[in-house]
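Trainee: Got a sequence here, can you build the structure:
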Amino acid sequence: MSILILKNATAVQLYPAKVEKNIDIVIENDGILAVGSGLASQYPQATVKEMHGRLVMPGNVCSHNHFYSGLSRGIQANIAPSPDFISTLKNLWWRLDRALDEESLYYSGLICSLEAIRSGCTAVIDHHASPSYISGSLSQLRHAFLKVGLRGMTCFETTDRNGGQREMQAGVEENIRFAHEIDQARKSGREAYLVEAHIGAHAPFTVTDDGLSMLGEALKATGRGLHIHAAEDSYDVSHSHHHYGKDLLVRLAEYDLIDSKTLVAHGLYLSDADIQILNDRDGFLVHNARSNMNNHVGYNHRLPEYRNLALGTDGIGSDMFEELKFAFFKHRDAGGAWWPDNFARALSNGNILLGRNFNAKFGRIEAGYKADLTISDYLSPTPLLAENIAGHIAFGMGSNNVHSVMVNGIMVYEDRQFTFDCEPIFAEASKVAAKMWKRMDALN
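Mentor: Alright, predicted model coming up:
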């Protein structure tokens, strides 16, 4: 039995909102054993870490990300003018993902995992694409997650955009293979249970009915849920109406692809019927405010209509403090009525997604919950209360305050330092990125 006590902490939760000072948090192995005042004296054999009043909160969850884009920052490839969303996909992202190989994917995963942890994110739900490197690609990402100690999920985005039926089949097979790999790893118990699987698909406009049928079978065979983009741009809706005569999620539901483990990213142009299906079947919508702004696809005015709403970045890092700020300010700019606490709840909801997939409890500083924690040295200039913690994040606290991060009961980042030297990883990643950019220019 290994017991660690975080002594004299300020325990903070986003939902239900809570701020409690002078708290001891007792951690046994990978979970929280007890929470209260003056508990350290009850565990004389425990290791004690003095928090000095630092904020200890459940770790942030990025509920939709693309780690394959990790080496795209400042990209120096020849990118043709891209006046709309589809041309941006074709000229940039669909060339980048075709240029990924085993080496570049691994370094993308490492860099993104390190930066997620450093920004106070303890878990990331990833959505992967590498058409030239399908089989085994998800295992490569898993290795990166485990190396850094980040909790997460990943899947391969099944699509027909490069190779038609054969490419869709390969994508589905990689999703199934990886889900079985996770099952075997859990049974063996040789590694910490940090990584899980979705069944991935790119978007309805790049998956035919045959592909949807294969995805439905994959869900049944693995017990996992679907992770897909939908209605990120109005083109997706127009395509579905033109080719299939159906709304997007109405079409997916016909193949039993919508359930409580379903994660739909974006959803800017979903219909009334689509929203009702997602709500009735207890699925999740993940809002990605900065990505939507960057791609100029519009704003989702219907966020309050969703039963389950979470926040993601769609590949723009993993700083969820920053994402909450943008989500709130863009909402206000668009005339929305929500306040920071609404978006704090959406951020906290990422823990519900984790719970449904890892079969454990996340997101609270309470006994029985996983010890995935973010520790910050935020000095509040005004009273810090349960009623205003979301406002402190929206207008003050950020990733620059992150002092330490614990995942699964292990300090993977402490006193602003990782447990291993990261500089060689970043140096090598820079070389790998330059090679990948050259491969992009060699593609049509």
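
Trainee: What residues does the residue lying closest to Leu100 once chain neighbours are set aside make contact with?
Mentor: Excluding the flanking residues, the one nearest Leu100 by CB to CB, 6 or more residues apart in numbering is Ser130, at 4.0 Å. C-beta coordinates here come from the backbone N, C-alpha and C atoms, glycine included. By CB atoms under 8 Å, 6 or more residues apart in numbering, the contact list for Ser130 reads 68, 97-98, 100-101, 105, 137.

Trainee: Secondary structure and neighbour count added to the residues you listed, as a markdown table?
Mentor: Shown next, in a markdown table, are the contacts of Ser130 (DSSP: H, G, I helix; E, B strand; the rest coil; neighbours: other CB atoms under 10 Å):
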| residue | secondary structure | neighbour count |
| --- | --- | --- |
| Tyr68 | helix | 27 |
| Asp97 | helix | 25 |
| Arg98 | helix | 18 |
| Leu100 | coil | 25 |
| Asp101 | coil | 16 |
| Leu105 | helix | 27 |
| Ser137 | helix | 26 |
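
Trainee: Tell me where the stretch 51-200 of the chain has strands.
Mentor: For the stretch 51-200 of the chain, applying DSSP state E, counting those that start in this stretch gives strands covering 55-58, 60-65, 121-126, 151-154, 195-197, 199-201.

Trainee: Export the ones you listed as CSV, with columns for distance to Ala390, mean pLDDT and mean neighbour count.
Mentor: Below are those laid out as CSV (distance: least, CB to CB, whole Å; pLDDT from 0 to 100; neighbours: other CB atoms under 10 Å):
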stretch, distance to Ala390, mean pLDDT, mean neighbour count
strand 55-58, 12, 98, 26
strand 60-65, 13, 98, 30
strand 121-126, 17, 98, 30
strand 151-154, 23, 98, 29
strand 195-197, 28, 98, 25
strand 199-201, 31, 98, 30
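
Trainee: Ok, which of these comes nearest Asn22?
Mentor: Nearest to Asn22, of all these, is strand 55-58, at 11.9 Å by CB to CB.

Trainee: which residues are in contact with that closest one?
Mentor: 6, 9-14, 23, 25, 122, 348, 351, 362-365, 369, 372-378, 397, 401.

Trainee: List phi and psi for Ala230.
Mentor: With angles defined as degrees, to the nearest 10, Ala230 sits at phi -150, psi 130.

Trainee: Tell me which residues touch it, please.
Mentor: 203-204, 236, 248-249, 252, 264-267, 270, 274.

Trainee: go with 10 Å
Mentor: Going by CB atoms under 10 Å, 6 or more residues apart in numbering, Ala230 touches 201, 203-205, 236-237, 240, 247-249, 251-252, 264-270, 274, 278, 285.

Trainee: which residues of the chain score low on pLDDT?
Mentor: Counting by pLDDT under 70, the chain has low-confidence residues at 1.

Trainee: Mark out where each domain of it begins and ends.
Mentor: 3-59+363-418, 60-358 (automatic domain parsing).

Trainee: tell me the most buried of the ones you listed?
Mentor: domain 60-358 (a mean of 21; mean count of other CB atoms under 10 Å).

Trainee: end-to-end on it?
Mentor: Criterion CA to CA, to the nearest Å; first-to-last residue distance in domain 60-358 is 16 Å.

Trainee: and what of stretch 291-303?
Mentor: Start-to-end, stretch 291-303 (CA to CA) is 16 Å.

Trainee: Grab the nearest non-local neighbour of Pro131.
Mentor: Asn162 (4.7 Å).

Trainee: Gly152 too?
Mentor: Nearest residue to Gly152 in three dimensions, chain neighbours excluded: Val124, at 4.4 Å (CB to CB, 6+ apart).

Trainee: Beta-bridge partners for the one you found, please?
Mentor: Val124 forms beta bridges with Cys62, Gly152, as assigned by DSSP bridges.

Trainee: Any figure for the gap between the closest residue in space to Ile75 that isn't next to it in sequence and Gln169?
Mentor: Of all residues not flanking Ile75 in the chain, Trp437 sits nearest, at 6.1 Å (CB to CB, 6+ apart). Applying CB to CB, to the nearest Å, the value for Trp437 to Gln169 is 30 Å.

Trainee: mind checking the backbone torsions on Asn359?
Mentor: The phi/psi pair for Asn359 (degrees, to the nearest 10) reads phi 50, psi 50.

Trainee: what's the answer for the one 5 residues further on, then?
Mentor: Comment: the main-chain dihedrals of Arg364 come out as phi -140, psi 150, following degrees, to the nearest 10.

Trainee: Please name the residues that touch it.
Mentor: Neighbour list for Arg364: 11, 13-16, 18, 32, 35, 57-58, 348, 351, 370 [criterion: CB under 10 Å, 6+ apart].

Trainee: quick check, nearest of those to Lys187?
Mentor: Lys370 (20.1 Å).

Trainee: residues contacting the residue nearest to Ser72 when sequence neighbours are not counted?
Mentor: Residue nearest to Ser72 in three dimensions, not counting chain neighbours: Leu96, with 5.9 Å by CB to CB, 6+ apart. By CB under 10 Å, 6+ apart, the contact set of Leu96 is 66, 68-69, 71-72, 75, 77, 79, 104, 108, 129-130, 436-437, 439-440, 443.

Trainee: Surely Ala346 is in a helix?
Mentor: Yes: the assignment for Ala346 is a helix, going by DSSP: H, G, I helix; E, B strand; the rest coil.

Trainee: I'd like the distance between it and Ile23.
Mentor: 26 Å.

Trainee: Please apply the same query to Leu443.
Mentor: With CB to CB as the criterion, Leu443 and Ile23 are 54 Å apart.

Trainee: Between the two ends of stretch 290-309, how far is it?
Mentor: 16 Å.

Trainee: what sits against the nearest residue to Ala231 once chain neighbours are set aside?
Mentor: Closest residue to Ala231 apart from its sequence neighbours, by CB to CB, 6+ apart: Tyr269 at 4.1 Å. Tyr269 is in contact with 230-238, 247-248, 297-298, 300, 302, counting by CB under 10 Å, 6+ apart.

Trainee: Thank you, goodbye.
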